[in-house]
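Undergrad: Mind looking at a prediction? Sequence and model below.
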Amino acid sequence: MNEMTLLRPDDWHVHLRDGAMLQMALPWTASTFGRAIIMPNLDPPITTAAQAAAYRDRIRRVLPDGSRFVPLMTCFLTDETDPVEVARGFAEGVITAVKMYPARSTTNSAAGVTNVRRVYPVLERMQAIGMPLLVHGEVADGEVDVFDREKAFIDRVLVRLRSDFPALRIVLEHITTAEAVDYVQDAEGPIGATITVHHLMINRNAMFAGGIRPHMFCLPVAKREGHRLALRNAATSGNPRFFLGTDSAPHLVRDKESACGCAGIFTAPVALELYAQVFDEEGALDRLEAFASLNGARFYGLPPNTETVTLVQSAWKPPETQPVGREQVRVFCPEGVVRWRIAPTD
Ligand SMILES: NC(=O)N[C@@H](CC(=O)O)C(=O)O
Ligand SMILES: [Zn+2]
Ligand SMILES: [Zn+2]
């Protein structure tokens, strides 16, 4: 197969940022995806429905003319989040989901949850109204090895949380381990997981190829090769619990090439094309539409998009960087070339 048409996909996990970075990042996401779940970890984070509505307005103002892209907003869960506020935002259609970051687990998560018990009233309410909880599934405990933090989160936090809230709809975001794949596959009740394209393409060696490679650093950090293969199996399996979430997370080159470089990889300009490449390599192009365009929508109780996108097998070189003011953001492309391309629409 060297050409395929699928219903327009959605990105169920993306960072668009704000200001000049938003202006750079949004057109890439909006030209490929019909909808996206917009992460709330701005600095300061989006913690109320009013802030989410204002952020949505800023996004809409930056959208290219004629774009039908729909930003689906989220609210950053803190120890102080008010269950009534969250439920009202959901009922009004302003907030689609709540995002839980364990405090200090990743970029801009200082205000995150310090102990899940503190947010039980919020989770109770969300379970009752069918509002999804999206989780950055890593413990922030510095004593836990950085490569074990996802598994530790499942064992120490998620299992308990799900037994206390068995009907709560949960998305385990950007999974990186075979343990997470197994957990999501076998768990009872409403659970899904997003898988990024970079975790399908790189293992942890990519961060240390001939020297330290800050542009390959994200959280959760890429794991051993066996985990990457488990993720590829899960994504291409057709199992409806696994769906597309790029976690495209732009940072300035200057902030990544630093003594304490930021976590996050910017994939939006090449994401769908690289997912197609991965599915092609796995002989699973016939399952790409389920992963990219159907499974996530079904989990969120939304209809699939009606437009289509056509992908053709044709190699191209994406730009290495994108300008933001006088700074640059590096575009992910581990092989320097992308072997699938989105056909222009007429
Ligand atoms: N994935 C990352 O490495 N970084 C994300 C935060 C996140 O999704 O954890 C970011 O906002 O930069
Ligand atoms: Zn995260
Ligand atoms: Zn993210």
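TA: Here it is on my side, so go on. Fair warning: this is a prediction, and the values are worked out from it, not measured in the lab. Ligands and ions are numbered 1, 2, ... in the order given.

Undergrad: can you give me the strands for the stretch 51-200 of the chain?
TA: Under the criterion DSSP state E, counting those that start in this stretch, the stretch 51-200 of the chain contains strands at 70-76, 95-100, 133-135, 170-172, 191-195.

Undergrad: okay, those in a markdown table with distance to ligand 1, mean pLDDT and mean neighbour count next?
TA: For glycine as for every other residue, the C-beta is placed from the backbone atoms N, C-alpha and C. Shown next, in a markdown table, are those (distance: least, Cβ to the nearest ligand atom, whole Å; pLDDT from 0 to 100; neighbours: other Cβ atoms under 10 Å):
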| stretch | distance to ligand 1 | mean pLDDT | mean neighbour count |
| --- | --- | --- | --- |
| strand 70-76 | 11 | 98 | 23 |
| strand 95-100 | 9 | 98 | 25 |
| strand 133-135 | 10 | 98 | 24 |
| strand 170-172 | 12 | 98 | 26 |
| strand 191-195 | 10 | 99 | 25 |
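
Undergrad: ok, how many other residues are close to Asp57?
TA: 11 (other Cβ atoms under 10 Å).

Undergrad: Tell me the residues of the chain that contact ligand 1?
TA: Within the chain, the residues that sit near ligand 1 (Cβ under 6 Å from any ligand atom) are 15, 41, 106-107, 136, 218-219, 247, 249, 263-264.

Undergrad: Rounded mean pLDDT for stretch 143-154, please.
TA: Per-residue pLDDT values over stretch 143-154 give a mean of 98.

Undergrad: and that stretch, how far from the chain's centre?
TA: Stretch 143-154 sits 19 Å away from the centroid of its parent chain (Cα atoms, centre = their mean, to the nearest Å).

Undergrad: who's in contact with Ala292?
TA: Contacts for Ala292 (Cβ atoms under 8 Å, 6 or more residues apart in numbering) come out as 6, 9-10, 243-244, 272, 275.

Undergrad: Same check on Cys260?
TA: Contacts of Cys260 (Cβ under 8 Å, 6+ apart): none.

Undergrad: confidence score at it?
TA: Predicted confidence (pLDDT) for Cys260: 97.

Undergrad: so which of the residues of the chain next to ligand 1 would you say is closest to Val312?
TA: Using Cβ to Cβ, Asp247 comes nearest to Val312 of the residues of the chain next to ligand 1, at 25.7 Å.

Undergrad: And that closest one, how close does it get to Tyr55?
TA: 18 Å (Cβ to Cβ, to the nearest Å).

Undergrad: before we move on, back to that, take the strands of the stretch 51-200 of the chain and write them to a markdown table, including distance to ligand 2.
TA: Formatted as a markdown table, the strands of the stretch 51-200 of the chain follow (distance: least, Cβ to the ion, whole Å):
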| stretch | distance to ligand 2 |
| --- | --- |
| strand 70-76 | 12 |
| strand 95-100 | 8 |
| strand 133-135 | 9 |
| strand 170-172 | 10 |
| strand 191-195 | 10 |
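
Undergrad: who's more crowded, Asp247 and Tyr55?
TA: Just comparing Asp247 and Tyr55: by other Cβ under 10 Å the higher neighbour count belongs to Asp247, 27 against 21.

Undergrad: which ones are touching the more buried one?
TA: With Cβ under 8 Å, 6+ apart, Asp247 has these contacts: 13-15, 173-174, 194, 196, 198, 218, 264-265, 267.

Undergrad: what about the helices in the protein?
TA: 19-32, 49-62, 83-91, 120-129, 149-153, 159-164, 178-186, 197-201, 225-235, 253-256, 271-281, 288-289, 295-299 (DSSP state H).

Undergrad: Which part of the stretch 151-300 of the chain gets nearest to ligand 1, residue-wise?
TA: Residue nearest to ligand 1 within the stretch 151-300 of the chain: Gly264 (2.9 Å; Cβ to the nearest ligand atom).

Undergrad: What parts of this structure come near ligand 2?
TA: 106, 136 (Cβ under 5 Å from the ion).

Undergrad: check contacts around the residue of the stretch 151-300 of the chain closest to ligand 1.
TA: 15, 107, 218-219, 247, 249-251, 256.

Undergrad: Quick one, which of the residues you listed has the minimum pLDDT?
TA: Out of the contacts of Gly264, that is Thr107, at 92.

Undergrad: Neighbours of that one, how many?
TA: Thr107 has 19 nearby residues by other Cβ under 10 Å.

Undergrad: That one touches Lys256, doesn't it?
TA: No - applying Cβ atoms under 8 Å as the test, Thr107 and Lys256 come out as separate, 11.1 Å apart.

Undergrad: Can you pull the residues that touch both of the two?
TA: Joint contacts of Thr107 and Lys256 (Cβ under 8 Å, 6+ apart) are 262, 264.
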